[in-house]
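**Student:** how would this look folded up:
(one chain, ligands or ions: 1)
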Amino acid sequence: MTERSVRLPVVDLSAPGRGRTTAEGEQLERYRESLLKFRDKYMDFPQWVSVETLALCNAACDFCHYPDMQRKGVRMPDEVFEFIIDDLTRIPHRFGFTPVRVNEPFLDTRLFEFLRLACDRLPRADLYMVTNGTPLVDPVVDRLVALNRVKRLNISFNDHREAEYERAMQLRYGQTLARLDRLHERALAGELNFEVSISRVGDNTPADDAFIAWVRARWSAFGATSHPRADWTGAVDISTDFKVPDVACAQWFKLNILADGKDAFCCLDPTGDHGYGSVPDRTPLELYNAPGKRELREKLTSRLDISVCRMCPILV
Ligand code: SF4
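**Tutor:** Sure thing, here's the model as predicted:
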């Protein structure tokens, strides 16, 4: 039986990207309150949309489903991306938009063309970018700045220790560090018009806090976060002792579309096997309002009673 006691990992929902720790009870209470507000505001239209345009990554993180993913190399057709964007024009409130799922989004050579389309047609969308940091050379950063619509750039750096970084991500530590040092230099010079956050998929060891301290000391202009690792709805074996909170999930107010058009149940459904269909057979907003998903939002049932969720410690 799933343990119902709560020992929450370090996540501060009140200040995303800043990595401030809070007492577990207070944190969970705040999360519950935010879900009630979400239910009032985002029942019919999503609070957040993510779209994977090319299922490709240059890393092979040991906590991610990507190394085993069958969808590698699948490219969303241009017209499907446009179909998604056109449907999202119906969202009447401000919402987050991010062109990423189980991939490194900057590997898609169409990325900035897609972002321009999204900016032009979705005036209520705020862009949230995610990357492992390796593509962030100056000309790429210049293009992000030129969009003038990016709210936050989250860099999945994961480990401050060289050997651990290279083992966990299969990327070159020195190269990534140089890119992030340069980005920080530009942040201090006032050249960026978005906030930057450095994140870790934590393992519930002292390394989680050490990572946050290290990031704050090296890159004072950046935020730092550590989120618990999860089992990707059963797709990845993990061995940590994060406890599962007795609460619903904010992911039920988000819409996630994979490169093959499938609706992912949440950010941790790597295949779309738990979703409600696919585009273009259904529109994105039809998928968001699939009866099963609506019911989750209406009832806000504890994740401990939802089979897909009952092993998940994530509060995002
Ligand atoms: S509880 Fe975990 S598995 Fe369930 S929707 Fe939320 S993030 Fe996904």
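**Student:** return the alpha-carbon coordinates of the lengthiest helix in the chain using PDB.
**Tutor:** Ordering each helix of the chain by length in residues (DSSP state H) puts helix 24-41 first. Extracted C-alpha coordinates of helix 24-41, given in PDB (Å, rounded to 0.1, in the frame of the first residue of the first chain):
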ATOM      1  CA  GLU A  24       6.600  20.800   4.500                       C
ATOM      2  CA  GLY A  25       3.200  21.300   6.000                       C
ATOM      3  CA  GLU A  26       3.000  24.900   4.900                       C
ATOM      4  CA  GLN A  27       4.100  24.000   1.500                       C
ATOM      5  CA  LEU A  28       1.500  21.300   1.000                       C
ATOM      6  CA  GLU A  29      -1.200  23.700   2.300                       C
ATOM      7  CA  ARG A  30      -0.200  26.300  -0.100                       C
ATOM      8  CA  TYR A  31      -0.200  23.800  -2.900                       C
ATOM      9  CA  ARG A  32      -3.800  22.800  -2.000                       C
ATOM     10  CA  GLU A  33      -4.900  26.400  -2.000                       C
ATOM     11  CA  SER A  34      -3.300  26.900  -5.400                       C
ATOM     12  CA  LEU A  35      -5.200  23.900  -6.800                       C
ATOM     13  CA  LEU A  36      -8.500  25.400  -5.600                       C
ATOM     14  CA  LYS A  37      -7.700  28.700  -7.300                       C
ATOM     15  CA  PHE A  38      -6.700  26.700 -10.500                       C
ATOM     16  CA  ARG A  39     -10.100  25.000 -10.400                       C
ATOM     17  CA  ASP A  40     -11.900  28.300 -10.400                       C
ATOM     18  CA  LYS A  41      -9.800  29.800 -13.100                       C
END
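**Student:** what residue is smack in the middle of this protein?
**Tutor:** Central residue of the chain (CA atoms, centre = their mean): residue 267, 6.5 Å from the mean position.
**Student:** just the buried positions in the longest helix of the chain, please.
**Tutor:** Residues of helix 24-41 classed as buried: 27, 28, 31, 35, 38, 39 (neighbour count, 16 or more other CB atoms under 10 Å). For the C-beta atoms, the positions are set from N, CA and C on the backbone; glycine is no exception.
**Student:** helices or strands next to whatever helix or strand comes next after that helix in the packing?
**Tutor:** Later in the chain than helix 24-41, the nearest helix or strand by DSSP states H and E is strand 48-51. On a contact count with 3 or more CB pairs under 8 Å, 6 or more residues apart in numbering; DSSP states H and E, strand 48-51 meets helix 78-88, strand 95-98, strand 254-257.
**Student:** which of the ones you listed is buried the deepest?
**Tutor:** For the helices and strands packed on strand 48-51, the largest average neighbour count (mean count of other CB atoms under 10 Å) is found in strand 254-257, namely a mean of 26.
**Student:** partners of that one, with directions?
**Tutor:** Applying DSSP bridges, strand 254-257 is found paired with strand 48-51 (parallel), strand 263-264 (antiparallel).
**Student:** mind checking how far the shortest one is from the chain centre?
**Tutor:** So that's strand 263-264. Here the centre of strand 263-264 is set off from its chain's centre by 14 Å, with CA atoms, centre = their mean, to the nearest Å.
**Student:** is there contact, residue-wise, from that strand to the ligand?
**Tutor:** No: against the ligand, strand 263-264 shows no contacts by CB under 6 Å from any ligand atom, the least distance being 9.0 Å.
**Student:** can you show me the helices along the stretch 151-300 of the chain?
**Tutor:** Listed in chain order, the helices of the stretch 151-300 of the chain (DSSP state H, counting those that start in this stretch) span 162-169, 173-188, 206-218, 284-288, 291-299.
**Student:** of all those, which one is nearest the ligand?
**Tutor:** Among the helices of the stretch 151-300 of the chain, the nearest to the ligand by CB to the nearest ligand atom is helix 291-299 (8.2 Å).
**Student:** outside of that closest one, which residues touch it?
**Tutor:** 38, 39, 42, 43, 248, 249, 252, 253, 276, 287, 306 (CB atoms under 8 Å, 6 or more residues apart in numbering).
**Student:** if we can go back for a sec, the helices and strands packed on strand 48-51: which one's closest to residue 166?
**Tutor:** Comparison of the helices and strands packed on strand 48-51 against residue 166 by CB to CB identifies strand 95-98 as nearest, at 26.6 Å.
**Student:** can you count the residues close to residue 292?
**Tutor:** Residue 292 has 10 neighbours, counted by other CB atoms under 10 Å.
**Student:** how close does it sit to residue 252?
**Tutor:** The gap separating residue 292 from residue 252 is 10 Å, by CB to CB, to the nearest Å.
**Student:** and residue 213, by the same measure?
**Tutor:** As for residue 213, its distance to residue 252 is 34 Å (criterion: CB to CB).
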